[in-house]
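Participant: 3D model of this:
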Amino acid sequence: MTDNDYSFGTRNEPPVDQDNRADYRLTARARAILELESGLPEETGAEERDLVCGIRDISASGLCLTADEPLSLGALLPASVFLGNHAQPFGLMVEVIWCRPNESSFLVGARIIESDETAYVEWVEAVASAMAQD
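Facilitator: Alright, predicted model coming up:
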């Protein structure tokens, strides 16, 4: 990771009532792929639908995403997060906390759900490492 990959805060902070993360946030050049629909493993040709999102900022507990379509509040979605110089994406589970229009896209606040079947611990360690370098 380089100093250019992350910085504290964002230029246009969402109103306090819409962004409740207590953690420091880092602005990151990164992207996330959300799995909106997945086919059943036993079905051949089952339709899968992914949404590629930009990442506005990150913290150990959440993400602020830019998406081309609105997401349902409370939705639990598998996510692959591609971050900085990490060769492999972080496989995470996120919950949509808020979603609002922003110019021609949508800003989405997503909370990272701690789960044994995800890279949650690795994610927290990567964010902590990035903050230590800032």
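Participant: I'd like the next helix or strand past whatever helix or strand Ile97 lives in.
Facilitator: Using DSSP states H and E, Ile97 maps to strand 90-102. Moving toward the C-terminus from strand 90-102, the next helix or strand (DSSP H and E) is strand 105-113.
Participant: relative to strand 105-113, how tilted is the helix or strand that that following strand is followed by?
Facilitator: Sequence-wise, the next helix or strand downstream of strand 105-113 (DSSP H and E) is helix 120-133. Between helix 120-133 and strand 105-113, the angle formed by their directions is 110 degrees, by axes from the mean of the first three to the mean of the last three Cα atoms, to 10 degrees.
Participant: Give me the distance from the strand holding Ile97 to the chain's centre.
Facilitator: The chain centroid and the centroid of strand 90-102 are separated by 6 Å under Cα atoms, centre = their mean, to the nearest Å.
Participant: Let's test this: name the helix or strand in this protein with the lowest mean pLDDT.
Facilitator: Lowest on mean pLDDT, DSSP states H and E among the helices and strands of the chain sits strand 6-8, with a mean of 36.
Participant: Now do the contacts for Ala67.
Facilitator: Residues near Ala67 by Cβ atoms under 8 Å, 6 or more residues apart in numbering: Leu34, Leu51, Cys53, Cys99, Ser105, Phe106, Leu107, Val108. The way it works is simple: take the backbone N, C-alpha and C, and place the C-beta from them, glycine included.
Participant: and what of Trp123?
Facilitator: Taking Cβ under 8 Å, 6+ apart as the contact definition, Trp123 lies against Ala60, Val81, Phe90, Leu92, Ile112.
Participant: The first one is in what secondary structure piece?
Facilitator: In this assignment (DSSP H and E), Ala60 forms part of neither any helix nor any strand.
Participant: State the number of residues packed around it.
Facilitator: 20 (other Cβ atoms under 10 Å).
Participant: Just confirm it contacts Glu125, I think it does.
Facilitator: No. Between Ala60 and Glu125 there is no contact under Cβ atoms under 8 Å: 9.1 Å.
Participant: ok, of the contacts of Ala67, which come out buried?
Facilitator: Using 16 or more other Cβ atoms under 10 Å as the burial test, these include Leu34, Leu51, Cys53, Cys99, Phe106, Leu107, Val108 as buried.
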